[in-house]
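Undergrad: predicted model, plus sequence, below.
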Amino acid sequence: MNRLHNGDFLLTWDQDDATLRAVLDTAQALEDLARAGVSCKVFDTGLGVSIFRDNSTRTRYAFRSGCNLLGLMTEELDESTSQIAHGETVRETAAMIGFLTEVIGIRDDIFLGEGDKYQREVAAALAESHREGVLMQRPAVINLQSDLDHPTQSLADLAHLVEVFGGIENLKGKKLAMSWAYSPSYGKPLSVPQGVITLMTRFGMDVVLAHPPGYDLVDETVETARRFAASSGGSFAVTDAMAAAFENADVVYPKSWAPAAVMRERTRILHAGETDSLKALEREALATNAKHKDWECNEAMMRGTTGGSAHYMHCLPADVTDVSCVTGEVSKAVFEKARVDTYREAGHKPFIVAAMILLTRFADPTELVNRLAREARPRRAG
Amino acid sequence: MNRLHNGDFLLTWDQDDATLRAVLDTAQALEDLARAGVSCKVFDTGLGVSIFRDNSTRTRYAFRSGCNLLGLMTEELDESTSQIAHGETVRETAAMIGFLTEVIGIRDDIFLGEGDKYQREVAAALAESHREGVLMQRPAVINLQSDLDHPTQSLADLAHLVEVFGGIENLKGKKLAMSWAYSPSYGKPLSVPQGVITLMTRFGMDVVLAHPPGYDLVDETVETARRFAASSGGSFAVTDAMAAAFENADVVYPKSWAPAAVMRERTRILHAGETDSLKALEREALATNAKHKDWECNEAMMRGTTGGSAHYMHCLPADVTDVSCVTGEVSKAVFEKARVDTYREAGHKPFIVAAMILLTRFADPTELVNRLAREARPRRAG
Amino acid sequence: MNRLHNGDFLLTWDQDDATLRAVLDTAQALEDLARAGVSCKVFDTGLGVSIFRDNSTRTRYAFRSGCNLLGLMTEELDESTSQIAHGETVRETAAMIGFLTEVIGIRDDIFLGEGDKYQREVAAALAESHREGVLMQRPAVINLQSDLDHPTQSLADLAHLVEVFGGIENLKGKKLAMSWAYSPSYGKPLSVPQGVITLMTRFGMDVVLAHPPGYDLVDETVETARRFAASSGGSFAVTDAMAAAFENADVVYPKSWAPAAVMRERTRILHAGETDSLKALEREALATNAKHKDWECNEAMMRGTTGGSAHYMHCLPADVTDVSCVTGEVSKAVFEKARVDTYREAGHKPFIVAAMILLTRFADPTELVNRLAREARPRRAG
């Protein structure tokens, strides 16, 4: 049974294990079909609408290419040229862009405490309009990054790990270090580390979260990771030393983020419109960051990992020392060795998006994918 | 006979009754097919180009989703990133974006006396380039809102009324109050009230236009409404009291607009680049508006309508008191009761656009829609 | 044999004559099919991504409509809303937007010495990612205008000349004057004149390049033109008098451009961020331009051409005296006579783009086009 049918994909921890496995399996099947040149077009017409409240290259591309793979035309709701600012409520806009729409992808990761709420508001509005007969179908909402989770990223990461270790069962007992890393910027969202710790703990991995004191994630996500670890037979620990986290790690995911407290204060300031406070906060946050320049994933740090060569992961773009900045999250040598592999990691994302669309829109996506394989229509002329 | 074939849709009053009924019938047929999950794709490839000279959410969506429903890919001519500002003439641009284009939708409602002219210029340029053999087909121009009319809106409104009253014949003798209403903004276009009075008078309705002294519409449209009322057996009257208009009204359409004289002066000022005059005009217009805060569609006002519960209409977004502003066009209580119904009203728009495309592009759209129904290809896989 | 298969189209002088003829023939075949209402859709799904680092109306439309003609959905990488500025390398971005992409069109003509390099960097990055198995196919890069060449324009120009003179063989011995012309703007790219002189010399034309002293093109392109003229049996000459170039010319292409030296200095200044120097350079360049207001293609100038009526060409938009400026590249009378014909010239571009896509993506495009003709699926219903 496909529990996602007619639903949304907002947080991985809202979904049961079987659903997550179904997303992975469907994504893999679609990727296999695409590589074999088989058409995955299941929509004759229909729209995928995206709303990006923050810049994006790869998630935007993943959404659009995932939609196109299935036959949907994409359209972006540009809030600057739309009339949303003119007093429209979320409820109204949701109905207005839902009439012939199959899926709405939303990125809203800037304001802590708001992104997920906004996505749920849109989903509730769509549900209401569908119930009332306004919408002929209920478009699915897909989280393209919120303040809490970044499921298309974390599931692409998981798909990548499954590939690297030769099966999801092989993740059991593998140690993953999700570590904060230094970056000469501040205000990076928390959704990636939160997405990773809450997802990887479910498949029996030993996840260690490392960050300097104060760089806490949102409590709910840490508790969720702890709970999942307990029930999956994996483990979850928090440390304030990168080296400790890297010790015997099979996988390392060094990435910068802002402390939840800073993100909360930033949200408050932005709403209050206190420009000066914002600059002060930024100065302060950067100064605090600068105390932790040793949180760099370099060859010395990698030496402590399993075989000295843990699998390096990143959602990209990474801040690479001597490449994109003077001191960054990762040294040039470590990054260069892993670079092409991080592209592979990212390459799963369009198929994760497409899988989420298939699962939310069709009762039996497995049968549908099987049918695509049997029919084997070519994706392009001979 | 389909008189729209190879033509444009600019003003409803350019079209005969049979053509308008054909638009309604075709839109209804397409909506029925879409709700039944039947594909309406009639184009294998082809483009729908839109030009928005003003912000837009719902009309933009309606245009794009209407195009997608029929199989056209949409493309927006962004005048800020295009070279139009570099000395291109309308004639040239029209040819340049017409080569493989089936339809061009234009919104140009800011400058009174210009929007409709611009649309006709584009249409004439396309016709010339087609005649000369430059364009292999003559793209249709569809008015997505001009200074004179907003036909995709008014026809969606009409489709809604047909649904509410159970048939176009049942509109005869029904009273519709198209009334100005207070809004804390100035410079709202006139095309909606003009579109409504000129269209609804054609189907035997008793239309009353109400506005404070000075808030005149463009003369041509008022005269057109009067003429249509005379020949349809309906009636048309103008009053300067909202309450008088609402008296025994079956339908109320309370909406703010700027006086035609203000819009004309604004156009003059904008062209002259007189920034200070513009601010003075705005101050003055808002002050005049503020004298009419009692022009609010509230429960007291509704009490005078037929059964105390006239059908409320709005093109959205409405300025709702206590929701999007302190005092607005409509009270929260009245709007909330009608809210979902205004979504239904808007829901016809994508199909009205699609119908206009079918009628301008195909000699026999009725036979085409019938064929779609017979073939009944599913809009999406099983 | 199709040498473009799995390659890129960056510079016409990288391609052999047979390949250029294949582009022309394929474009012609596609245009014939489109005019006959036959579908040219060869992709079931797939993406065409465009990157515009400069404004564009007609090349943008040509790219999008060419993609749509073949069944590709287009997507624009908007560098302002993407994360490219956040430290991404070209290598990374290329991979990220390549996963399900068939073709990437790039316009980068602002900085002399950089556009072509950037396009080659993207192409190399795509090739690497494909080799590494990251990309399931290697997207083609198509030059939509660089600092060196503008092949979709020059090949559309060539297609137009073939039509005007009734066959490519008839271009032999025809004289073409590629002449600088006055414009009240500065900093216009060099790619059009460079594209024209390097391409037309290959088909036996007698090409004369005319410009005031100092308005040199990039040396490499002038040398290339000379070399091609020598081997094709045509000729190539440079003169500093418009009238001399026009003398007995069969075709004239009067167009403004900035001296290569000015463009190089401008590039240096822009990189150095010297705002004041930029203004000084502009003032100086405009002053120098103003000395050559007599470089106007007017009726007196045309009198010297073959029969007094050489074929006038322009890539559009032209600076037309008394229309878009006080004094420009061409007089109103000359332009108006040729106007519709310049639209025809531009009309080949979507098909040139589509032909480039077919040749880069398919091993045997001729057989493919023949099959489209045999199957003769209609491009739209009934």
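TA: Ah, there it is.

Undergrad: what sits against whichever residue of the stretch 201-350 of chain A sits closest to chain B?
TA: In the stretch 201-350 of chain A, the residue found nearest to chain B is residue A:271; the distance is 18.2 Å by Cβ to the nearest Cβ. C-beta: built from backbone N, CA, C; applies to glycine. Residues near residue A:271 by Cβ atoms under 8 Å, 6 or more residues apart in numbering or on different chains: residue A:111.

Undergrad: do a quick rundown of the strands in chain A.
TA: A:47-52, A:73-76, A:101-108, A:140-146, A:175-180, A:206-210, A:235-239, A:251-255, A:311-312 (DSSP state E).

Undergrad: now do the first one and strand A:140-146, the angle between them.
TA: To tie it back to what came earlier, the one meant is strand A:47-52. Strand A:47-52 runs at 20 degrees relative to strand A:140-146, counting by axes from the mean of the first three to the mean of the last three Cα atoms, to 10 degrees.

Undergrad: and the contacts of strand A:47-52?
TA: By Cβ under 8 Å, 6+ apart, the list of residues contacting strand A:47-52 from outside reads A:60, A:63-64, A:66-67, A:72-77, A:79, A:97, A:100-108, A:139, A:144, A:357, B:64-65, B:68, C:81.

Undergrad: which of the residues in it are classified as buried?
TA: Neighbour-count burial for strand A:47-52, counted by 16 or more other Cβ atoms under 10 Å in any protein chain shown, picks out A:47, A:48, A:49, A:50, A:51, A:52.

Undergrad: neighbouring strands for that strand, and are they parallel or not?
TA: strand A:73-76 (parallel), strand A:101-108 (parallel) (DSSP bridges).

Undergrad: what sits against residue A:13?
TA: Counted by Cβ under 8 Å, 6+ apart, residue A:13 has contacts A:149, A:198, A:224, A:228.

Undergrad: and if you look at residue A:156?
TA: Applying Cβ under 8 Å, 6+ apart, the residues near residue A:156 are A:345, A:346, A:347, A:348, A:349, A:352.

Undergrad: cool, residue A:257 as well?
TA: Residues near residue A:257 by Cβ under 8 Å, 6+ apart: A:180, A:188, A:189, A:190, A:192, A:193, A:211, A:215, A:217.

Undergrad: format the contacts of residue A:156 as a markdown table; extra columns: pLDDT and distance to residue B:161.
TA: As requested, these are exported to a markdown table (pLDDT from 0 to 100; distance: Cβ to Cβ, whole Å):
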| residue | pLDDT | distance to residue B:161 |
| --- | --- | --- |
| A:345 | 97 | 55 |
| A:346 | 97 | 51 |
| A:347 | 97 | 52 |
| A:348 | 98 | 50 |
| A:349 | 98 | 47 |
| A:352 | 98 | 45 |
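
Undergrad: how about the residues of the stretch 1-150 of chain A that lie near chain B?
TA: A:42-47, A:71, A:73, A:75, A:77, A:81-84, A:86-89, A:91-93, A:95-97, A:99-102, A:128-129, A:132-136 (Cβ under 8 Å from any Cβ of the partner chain).

Undergrad: from the residues you listed, which would you call buried?
TA: Using 16+ other Cβ under 10 Å as the burial test, these include A:42-47, A:71, A:73, A:75, A:77, A:81-84, A:87-89, A:91-93, A:95-97, A:99-102, A:128-129, A:134-135 as buried.

Undergrad: burial count for the closest residue to residue A:125 other than its chain neighbours?
TA: Counting by Cβ to Cβ, 6 or more residues apart in numbering or on different chains, the nearest residue to residue A:125 once its immediate chain neighbours are dropped is residue A:94, at 3.6 Å. Using other Cβ atoms under 10 Å in any protein chain shown, residue A:94 is surrounded by 25 other residues.

Undergrad: surely residue A:94 and residue A:127 touch.
TA: No - the pair residue A:94 / residue A:127 is not scored as a contact, 9.3 Å apart, by Cβ atoms under 8 Å.

Undergrad: for chain B, see how far away the nearest residue to residue A:127 once chain neighbours are set aside is.
TA: Spatially, and ignoring its direct neighbours in sequence, residue A:127 is nearest to residue A:138 (6.1 Å; Cβ to Cβ, 6+ apart). Look at residue A:138 and chain B: by Cβ to the nearest Cβ, to the nearest Å, they are 13 Å apart.

Undergrad: could you do residue A:156 as well?
TA: In terms of Cβ to the nearest Cβ, residue A:156 sits 24 Å off from chain B.

Undergrad: look up how far residue A:101 lies from the residue nearest to residue A:127.
TA: In this view, residue A:138 and residue A:101 are 10 Å apart by Cβ to Cβ, to the nearest Å.

Undergrad: ok, residue A:89 - contacts?
TA: Taking Cβ under 8 Å, 6+ apart as the definition, contacts of residue A:89 comprise B:323, B:324.
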